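[1] The sequence and its predicted three-dimensional model are supplied below.
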Amino acid sequence: MAGRKQFDVDEALRRAMHVFWRWGYSEASIDRLTEGTGLGRSSLYGTFGDKSTLFRNSLQRYAQTYHPLYDQALSGPHPSPGAVVAAYLQVTLNRIADPKVPDGCLLTVSAAQFPALDAEGQAMVRAMIDGLRAMLEQALLAAGADDQEAAELALCTLATNKSLAVLSRAGFSAEDLATVAAAAAKNVNAPLNRPAEPSGPR
């Protein structure tokens with residue numbers, strides 16, 4: 001039929017997601033996007049709009065693919081807050097170990113390039129991170145943490161999650177990443193040594 005697209009739009013979006021995932025928004029040039037998707041420029045623009053729109057669609061596709069895995073892992077019941085942290089980070093380790101996808105995390109690399117994104121892209125990245133944080137807080141509360149503990153642990157677990165993504169892109173081994181995740185879960189109840197207050201002018 002005239003005007004009918006002769007390619008799989010969903011597959012093209014998956015491939016575009018991988019380009020942004022591998023290169024980040026700034027380095028995901030139109031040439032790289034056309035090469036990665038197998039589409040010409042006219043088909044790319046005609047189907048997905050401009051680069052910013054394609055990025056947001058790719059980020060949404062990423063969240064739809066991976067965030068339900070976190071939701072499932074956190075659904076519990078979990079015997080302790082440490083078990084919640086371990087379950088959450090295991091999802092991250094499983095994704096990093098998947099040879100079919102780029103190293104790291106699309107959400108993490110997008111956060112690292114936050115100034116390069118337009119306002120809509122920035123809002124989407126922040127909303128997705130905040131959504132994961134809220135998901136963690138609820139699971140931690142259900143596992144027995146109080147409000148302050150749940151808030152602090154959710155933030156620290158997110159930070160560990162993002163560090164795992166960065167370390168994986170730098171070539172750290174699966175064993176190293178598993179060590180980081182295990183330490184984060186093990187140290188949930190360890191006291192935090194906060195910096196001492198300055199004693200005055202030196």
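    Perfect, I can see it now.
[2] which secondary element of the chain has the worst mean pLDDT?
    Among the helical and strand segments of the chain, the one scoring lowest on mean pLDDT, DSSP states H and E is helix 41-48, with a mean of 91.
[3] mind listing what's buried in that helix?
    Using 16 or more other CB atoms under 10 Å as the burial criterion, the residues of helix 41-48 that qualify are 43-45, 47-48. All C-beta atoms are positioned from the backbone trio N, CA, C, and that covers glycine.
[4] Same question for stretch 47-57.
    Neighbour counts using 16+ other CB under 10 Å place 47-48, 51, 54-57 of stretch 47-57 among the buried residues.
[5] before we move on, what about stretch 93-108?
    Applying a neighbour-count criterion of 16+ other CB under 10 Å, the buried positions in stretch 93-108 are 93, 95-96, 101-108.
[6] Chain neighbours aside, what residue packs nearest to the residue nearest to the spatial centre of the chain?
    Within the chain, one residue has its C-alpha closest to the average C-alpha position: by CA atoms, centre = their mean, that is residue 107, at 3.7 Å. Here the nearest residue to residue 107 in space, its sequence neighbours aside, is residue 128; by CB to CB, 6 or more residues apart in numbering that works out to 5.8 Å.
[7] any low-confidence regions in this protein?
    Using pLDDT under 70 as the threshold, the predicted model of the chain has low-confidence ranges 1-7, 189-202.
[8] Give me the phi and psi angles of residue 105.
    Dihedral angles of residue 105 (phi, psi; degrees, to the nearest 10) stand at phi -150, psi 130.
[9] can you pull the contacts of it?
    With CB atoms under 8 Å, 6 or more residues apart in numbering as the criterion, the residues that contact residue 105 are 21, 92, 95, 161-162, 165.
[10] before we move on, back to that, could you tell me how many residues sit around the residue nearest to residue 107?
    Here the number of neighbours of residue 128 (other CB atoms under 10 Å) works out to 19.
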